[in-house]
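> Pasting the sequence and the predicted model now:
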Amino acid sequence: MYWLFQTKKFSAFSQLPEEKLIWEQKANFRGRVGDEILMLRETTFISVYSIQNIDINEGNQTEKKTITIDIKLVNKYSDEKELKDYIYSFPRIKYFDKKTYRHFTRKYYRLGKIEFNAVNDDEIFISRSIIGGIINSMHIDHRKAFVKFLAEKDPEFISNNIDYQIVAKYLYSYLNFAIVEPARNFQIAGNILRGIIGEEAFAEAGFSNENKISKTNKVELIGAQLLMIEGNLENLNLLGNNGNGLSEQIFDETQQRGFNNLFAGKKLPIEF
């Protein structure tokens, strides 16, 4: 079996080659000798240990049991493995931004082999991670618009019957027509305006909401928006095909088919 332990819950835990973990609880600990433990320090996975011995002090019927396990270091990660890079491969996670910590407040959790391998071997749920990472980085209006777009394409995806590779294709289509193409059109329009009014005037040109007469009504400079668009388009092109639009990629996840069963009945990884 596999486990995830939150090290901050164990004040005596250190990174020695061999160590003990001691805690109290009323229920039995169902781990076994040979089980592997994935250690999470705050929001960073740091190492893997194996259980060498388990000692349970039963106490009496009203007292908590004292659990002592001997553990041995199996693998200390040389590179930091941040929780945020793996959150879309854990079925228990429903919050993907500021509230993610809520899912890791207990001392320990049992993991499936697929979840353990996602971190230890970096065998993450690729398409779900890309979908969740892109969607949750977008403005909430775009998230809502994409869900509506997806429902119109295939209502099955809204009822939790999800094929993530197909959803990824729909996401690329949405990004192209709702974000990439409007951004490129804005680039073209901005360059035309620059040619008409000149560089000096263009540096001061911008948009403002006339309905908001206040100190906070700032002018959004066109030049600044163009710079932001250029940077974002460059990042998006890394997912596509050299600037000719984002491609409807098909992800090779034949080695990860177990994720389909693991996430059966789970909602799309979108936080509103």
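The structure has been received and is ready for your questions. Residues are numbered from 1 along each chain as shown.

> contacts, neighbours, all on C-alpha from now
OK.

> Beta-bridge partners for the closest residue to residue 106 other than its chain neighbours, please?
Leaving aside its sequence neighbours, residue 106 sits nearest to residue 6 (CA to CA, 6 or more residues apart in numbering; 7.2 Å). With DSSP bridges applied, residue 6 shows beta-bridge pairing to residue 40.

> Contact partners for residue 6?
By CA atoms under 8 Å, 6 or more residues apart in numbering, residue 6 lies in contact with 39-42, 104-108.

> roughly how far apart are it and residue 86?
Distance of residue 6 to residue 86, computed by CA to CA, to the nearest Å: 16 Å.

> What of residue 100?
Separation of residue 100 from residue 86 (CA to CA): 11 Å.

> And the two? Which one has more around it.
Each of residue 100 and residue 86 has its neighbours counted (other CA atoms under 10 Å); residue 86 has more, 19 against 16.

> tell me the contacts of the more buried one?
For residue 86, the contacting residues are 118-119, 124, 129, by CA under 8 Å, 6+ apart.

> Most widely separated two among those?
The distance between the two most remote of the contacts of residue 86 (CA to CA) is 12.9 Å, for 119 and 129.

> Which strand residues bridge residue 45?
Counting by DSSP bridges, the residues bridging with residue 45 are residue 40, residue 81.

> Next, count neighbours for it.
For residue 45, using other CA under 10 Å, the count is 24.

> In a strand, residue 48, correct?
Yes: the assignment for residue 48 (DSSP: H, G, I helix; E, B strand; the rest coil) places it in a strand.

> Strands of this structure, residue ranges please.
For the chain, strands defined by DSSP state E occupy the ranges 2-6, 18-25, 36-41, 44-57, 65-82, 108-111, 206-207, 220-221.

> Just put these in JSON lines and tack on distance to residue 270 and mean pLDDT.
JSON lines is the format used below for those (distance: least, CA to CA, whole Å; pLDDT from 0 to 100):
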{"stretch": "strand 2-6", "distance to residue 270": "24", "mean pLDDT": "95"}
{"stretch": "strand 18-25", "distance to residue 270": "35", "mean pLDDT": "84"}
{"stretch": "strand 36-41", "distance to residue 270": "24", "mean pLDDT": "94"}
{"stretch": "strand 44-57", "distance to residue 270": "22", "mean pLDDT": "93"}
{"stretch": "strand 65-82", "distance to residue 270": "20", "mean pLDDT": "91"}
{"stretch": "strand 108-111", "distance to residue 270": "23", "mean pLDDT": "94"}
{"stretch": "strand 206-207", "distance to residue 270": "31", "mean pLDDT": "68"}
{"stretch": "strand 220-221", "distance to residue 270": "29", "mean pLDDT": "71"}
